[in-house]
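**Student:** Take this sequence and fold it.
(one chain, ligands or ions: 2)
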Amino acid sequence: MLRSRVDALPPHVRHAAGLHFGWWTDDGTALDASDVHKAVRPALALLTCQAVLGEPQAAKAAAVAVELVHNASLLHDDIIDHDPLRRGRPALWAAKGVPAAILAGDALFFAAVQTLTDAPNAGRTVPVLLAAVQDLIEGEYLDILTETGTRASEDRAMAVAAGKTGALLACACELGALGGGATPERAQLYRRFGRRLGTAYQCVDDVLNLWGEEPVTGKPALSDLRSRKVTIPVAVAMAGNTPQARALHTLYRTSAPLGEEDCLRARDLIEQTGARDATLRRARQHIATALEHLARADPDPVASAELASLGHLLVGRDH
Ligand code: FPP
Ligand code: MG
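**Tutor:** Ligands and ions are numbered 1, 2, ... in the order given. Below is the predicted model of the structure:
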């Protein structure tokens, strides 16, 4: 269904979107369909639907819609972050230019709305998706505001994580539960589960940007430091009154993007404060809270076990 939604786009924007998904090359040669990514959001929509004893079919539109929004947001995010690599391939803006990537992102976003509009219960589901996108945008906006390093705080970095990543995971869970027939109250518990999961996910993402392997993550290493973003490990490291924290503040006070040497030094300083482990600890705490919300929703045990192991997998991942 994801593929058919993209196939329904007008030809030029369809071509650009397919390049982003890695379905074909610029000359139209089809690529191996085994090049799949994590698809966390669709998995959450389907599993939360099962958790309320709904048929997986009932969450199919939700699963596709959240994946389309996610990809729309990645297209725009890579432009905003000036990151030229995504999933181990050139980001669409780097391959085809910024206008192409903006337009492909716009097309995917509206294809997502269309997907829910064409499915049952649109009056209830579309507002949930639209509200999540506003949260996502606010989170991303807050994220770019942290690039100057001023007003850095862990609370702020967590708010960014909850917005730019938690919002859509929350939405996937709420839509999945609603699709499966959950009451709005019960769907809210799944929503809270997803939001915490997303916050944990972003904690790990921030750690991987600093210590992940570029060939494994498929994304540019250290790019958050280059643009002096106050991500969660940076905020945690800056919080203490340590020589490392002071040195980090000094590095972030410059106005130019950090060079390679400065990035490596900043990463060492962060590591020395223990902020890497502390951030991963925060991720595990968010997962634990997520699982408390899940338990309160009284989920089907099989789906619940799968949701819990998905949560643990997300924290232990290397890409
Ligand atoms: C990634 O953060 C952030 C997002 C995927 C959210 C981006 C949100 C927007 C651009 C606004 C919404 C726009 C639309 C069209 C729906 P990151 O940079 O930390 O992650 P990364 O390492 O994967 O790039
Ligand atoms: Mg980014």
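**Student:** so how far is Thr250 from the residue of the chain most remote from its centre?
**Tutor:** Going by Cα atoms, centre = their mean, the residue of the chain most distant from its centre is Pro243, 32.8 Å out. As judged by Cβ to Cβ, to the nearest Å, Pro243 and Thr250 stand 11 Å apart. C-beta here means a position set from N, CA and C on the backbone, and glycine is covered the same way.
**Student:** quick revisit: if I look at the residue farthest from the centre of the chain, how far off is Glu271?
**Tutor:** 14 Å.
**Student:** low pLDDT regions in the chain?
**Tutor:** The chain contains residues with pLDDT under 70 at 33-36, 148-151.
**Student:** Close to ligand 2: what parts of it are there?
**Tutor:** Asp77, Asp81 (Cβ under 5 Å from the ion).
**Student:** Tell me which residues touch the one residue sitting closest to the centre of the chain, please.
**Tutor:** Note on the chain: the residue nearest the mean C-alpha position is Thr165, at 4.2 Å, using Cα atoms, centre = their mean. The neighbours of Thr165, taking Cβ atoms under 8 Å, 6 or more residues apart in numbering as the test, are Gly139, Gly198, Thr199, Tyr201, Gln202, Asp205.
**Student:** 7 Å - rerun?
**Tutor:** Gly198, Thr199, Tyr201, Gln202 (Cβ atoms under 7 Å, 6 or more residues apart in numbering).
**Student:** show me the residues around the residue of the stretch 151-300 of the chain found nearest ligand 1 that make contact.
**Tutor:** Here the residue of the stretch 151-300 of the chain nearest ligand 1 is Lys164; by Cβ to the nearest ligand atom that distance is 4.2 Å. Listed by Cβ under 7 Å, 6+ apart, the contact set of Lys164 reads Leu136, Gly139, Glu140, Asp143.
**Student:** count of neighbours near the first one?
**Tutor:** Pointing back at Leu136 there. 22 (other Cβ atoms under 10 Å).
**Student:** what about it, distance to ligand 1?
**Tutor:** Going from Leu136 to ligand 1 by Cβ to the nearest ligand atom, to the nearest Å gives 5 Å.
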